[in-house]
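**Student:** give me the fold of what follows.
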Amino acid sequence: MSQAIVMHKTGGPDVLEWSSRSLDAPAKGEVRIRHTAIGLDFIDTYHRTGLYPLPLPATPGLEAAGVIEALGDGVTGFKVGDRVAYPAGPVGSYANERNFPAARLVHLPDSVNDEDAAALMLKACTVEYLIFRTYAVKAGDTVLFHAAAGGVGLIACQWLNALGVTVIGTVGSDAKAELARAHGCHHTINYTTENFPARVREITNGDGVPVVYDSVGKDTFMGSLDVLKPRGTMVTFGNATGAVEPFPPGLLAQKGSLFVTRPTLMDYVATRHDLELCTGRVFDAIAKGHIKADINQRYALKEAEAAHTALEARATTGQTILLP
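**Tutor:** A predicted model of the protein is given here:
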């Protein structure tokens, strides 16, 4: 028997139940993976609450690292014993083992350990598509990145800094500001005590920024529009404080012919080519020392409820992993 976290209804962290289950042999095109480390991501809470609905009952989780234990028919390019990881589902990583489509897997290089892979895959792949493909930054740019001390934010600060980009980051406390600066954030703004649009304008001498990366959502969206340069790009990629409220498109014209996009990692790794491009850049950045994991919280998989509670309370920094 294998074990997994299962939710039979949506709601708070208490809907996450530790359960036993049996697995069939891998189907055609699938492999059996024994997980060694599992990533915790804010999108997991959206699945749990029903903001992003899943068919129930469901096992949440989109990323993990592990070892292949069995192959289904037709699988090529992988063998039993290979170290592998995946950054973007299919959903169901909160389990000690699972069957998984081989086409969505990548090999782990020797330079990346399993815990770092679980901590980094989804988050670093998110940063990759944000800064290389959604809005391609260039050396000399100044950008605003919200939640700079979070799991995605710390990776972004490191990577942007390595690319010669000046990073303005918002944080929720002085301790988180110190953490963000230690990871390459050049200017920190404590949104609990400072007016972030005014501070961004001050830092940029009134010019504003060409792009804002915002996973916070409702509480920061309108203020973010106010700090963009004409024809700037608002990248809203999360809803930590709730979904952005509807607004008239004409507002974008009033504020300088702005662009707004709501991307997802799944769309940016939907093809095998894009998956390999994305993860290849991430592994290269790790090898060059441009980014590193900051695993500041580890929970046993069966303690997923406590992990979700801490994440939603903003009591975590860096990355959190679940250990089977």
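**Student:** wait, Leu144 sits on Leu160?
**Tutor:** No - the pair Leu144 / Leu160 is not scored as a contact, 11.0 Å apart, by Cβ atoms under 8 Å. (Each C-beta comes from the backbone N, C-alpha and C, glycine too.)
**Student:** so these two - more neighbours on which side?
**Tutor:** Remark: of Leu144 and Leu160, Leu144 carries more neighbours, 31 against 26, as counted by other Cβ atoms under 10 Å.
**Student:** quick check: pLDDT value at that one.
**Tutor:** You'll see Leu144 listed with a pLDDT of 98.
**Student:** and Leu62, how far from Leu265?
**Tutor:** Distance from Leu62 to Leu265, counting by Cβ to Cβ, to the nearest Å: 8 Å.
**Student:** which SSE is Cys197 in?
**Tutor:** Slight slip there: residue 197 is Pro, not Cys. Under the criterion of DSSP states H and E, Pro197 resides in helix 196-203.
**Student:** neighbouring strands for the helix or strand just after that helix, and are they parallel or not?
**Tutor:** Next along the chain after helix 196-203, taking DSSP H and E as the criterion, comes strand 209-214. The pairing partners recorded for strand 209-214 under DSSP bridges are strand 142-145 (parallel), strand 228-236 (parallel).
**Student:** Serialize those to TSV and add fields for distance to Thr193.
**Tutor:** Listed next are the strands paired with strand 209-214 as TSV, based on distance: least, Cβ to Cβ, whole Å:
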stretch	distance to Thr193
strand 142-145	17
strand 228-236	23
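**Student:** of the ones you listed, which stretch is the most buried?
**Tutor:** Burial of those is given as mean neighbour count (mean count of other Cβ atoms under 10 Å); strand 142-145 ranks first at a mean of 26.
**Student:** so which bits of the helix or strand harbouring Ala253 are buried?
**Tutor:** Using DSSP H and E, Ala253 maps to helix 250-254. Residues Leu252 are the ones in helix 250-254 that count as buried (16 or more other Cβ atoms under 10 Å).
**Student:** and after it, which helix or strand comes next?
**Tutor:** Heading C-terminal from helix 250-254, the first helix or strand you meet, by DSSP H and E, is strand 259-261.
**Student:** OK, contacts around the nearest residue to Val84 once chain neighbours are set aside?
**Tutor:** Leaving aside its chain neighbours, Val84 sits nearest to Leu105 (4.7 Å; criterion: Cβ to Cβ, 6 or more residues apart in numbering). With contact taken as Cβ atoms under 8 Å, 6 or more residues apart in numbering, Leu105 is in contact with 31, 33, 78, 84-86.
**Student:** residues in contact with the helix holding Ala253?
**Tutor:** Against helix 250-254 from outside (Cβ under 8 Å, 6+ apart): 225, 258-260.
**Student:** which stretches of the stretch 151-300 of the chain form helices?
**Tutor:** Chain-ordered helices for the stretch 151-300 of the chain, with DSSP state H, counting those that start in this stretch as the definition, fall at 151-162, 174-182, 196-203, 221-225, 250-254, 265-268, 272-287.
**Student:** just say which of those helices is most tucked in.
**Tutor:** helix 151-162 (a mean of 26).
**Student:** and it with strand 209-214, angle?
**Tutor:** With axes from the mean of the first three to the mean of the last three Cα atoms, to 10 degrees defining the directions, helix 151-162 sits at 150 degrees from strand 209-214.
**Student:** what stretches of the stretch 151-300 of the chain score poorly on pLDDT?
**Tutor:** Nowhere does the stretch 151-300 of the chain drop to pLDDT under 70.
**Student:** pull the contacting residues for the closest residue to Lys288 other than its chain neighbours.
**Tutor:** Of all residues not flanking Lys288 in the chain, Ala162 sits nearest, at 7.7 Å (Cβ to Cβ, 6+ apart). The contact partners of Ala162, taken as Cβ under 8 Å, 6+ apart, are 184, 285, 288, 290-291.
**Student:** any of these buried? List them.
**Tutor:** By neighbour count, with 16+ other Cβ under 10 Å, those hold 184, 285, 290-291 as buried.
**Student:** ok, back up a step: nearest to Asn239, out of the helices of the stretch 151-300 of the chain?
**Tutor:** Of all these, it is helix 221-225 that lies closest to Asn239, at 9.7 Å by Cβ to Cβ.
**Student:** who are the packing partners of the closest one?
**Tutor:** helix 196-203, strand 209-214, strand 228-236 (3 or more Cβ pairs under 8 Å, 6 or more residues apart in numbering; DSSP states H and E).
**Student:** now distance to Thr10 too, for the ones you listed, in CSV please.
**Tutor:** CSV is the format used below for these (distance: least, Cβ to Cβ, whole Å):
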stretch, distance to Thr10
helix 196-203, 32
strand 209-214, 25
strand 228-236, 23
